[in-house]
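Student: Kindly generate the corresponding structure for this input.
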Amino acid sequence: MPFILGAVAVAVAAVAGWLARPLRLDPTRRAALVSAVGAVDRELAANLELLAMFDQTKQAVVLENGEYTRNRLVIERDGGAAAAALAELYARMPDAEAAMERRGPANTIKDGDRRVIDAWEGDARVVQRALRASLDARPRWGWRAVSARLGGGRVSR
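Tutor: Predicted coordinates:
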């Protein structure tokens, strides 16, 4: 009887260890994520350049969102915490564009509109760093790997 209990304990430990091993992203999904992050990163850099031009000229600019629209699903699926911040940033884009459009005499900008524009710009820089860091995320292991394997295998971070 003790032999059977010992064998069952060893088998349970082996299965638990096998399920808890590091869970890495599939190479094709990883390549898609790298491509998506690169495209959106370049788009954010272009938007920051446009905002720099706005700061100099006070002429409203239209911010780009095409790459985010194309790559949103890949980033949401595998981009981790950066995906939510990125979605929120792009949701606030029309507010920043509208704030640039509202100008007073001699192209003056109201303080509230300036805060909206500056907040979007600052958040874009933070999200850009988080997006780049999402590529360096470590694979899940332990309980998170077990729950991902048993819960349908979704491999988001």
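Student: And the average pLDDT for stretch 107-127 is what?
Tutor: Mean pLDDT, stretch 107-127: 94.
Student: Can you point out the buried residues in that stretch?
Tutor: Burial within stretch 107-127, assessed by neighbour count using 16 or more other Cβ atoms under 10 Å, is assigned to 109, 113, 116-117, 120-121, 123-124, 127. C-betas here are computed from N, CA, C, even on glycine.
Student: following the longest helix along the chain, which helix or strand shows up next?
Tutor: Determined from DSSP state H, the single longest helix within the chain is helix 27-57. Beyond helix 27-57 in the direction of the C-terminus, DSSP states H and E gives the next helix or strand as helix 66-78.
Student: So what touches that following helix?
Tutor: Helix 66-78 is touched from outside by 25, 29-30, 32-33, 35-37, 39-40, 42-43, 82-83, 86-87, 90, 131, 155-157, with contacts defined as Cβ atoms under 8 Å, 6 or more residues apart in numbering.
Student: Please indicate which of those are buried?
Tutor: Among the contacts of helix 66-78, the ones that count as buried by 16+ other Cβ under 10 Å are 25, 32-33, 36-37, 39-40, 43, 82-83, 86-87, 90, 131, 155, 157.
Student: which of the residues you listed sit farthest apart?
Tutor: Taking Cβ to Cβ, the two most distant members of these are Glu43 and Val155; they sit 25.1 Å apart.
Student: So Glu97 is in contact with Glu64, correct?
Tutor: No: taking Cβ atoms under 8 Å as the contact criterion, Glu97 and Glu64 are not neighbours in contact, 11.0 Å apart.
Student: Now do the contacts for Ala87.
Tutor: 72, 76.
Student: What's the mean pLDDT across the helix or strand hosting Ala7?
Tutor: Ala7 is part of helix 2-19 when elements are defined by DSSP H and E. When pLDDT is averaged along helix 2-19, the result is 71.
Student: Which pLDDT value goes with Ala130?
Tutor: 94.
Student: Give me the spatial nearest neighbour of it, chain neighbours excluded.
Tutor: The spatially closest residue to Ala130, leaving aside those adjacent along the chain, is Ala82, at 4.1 Å (Cβ to Cβ, 6 or more residues apart in numbering).
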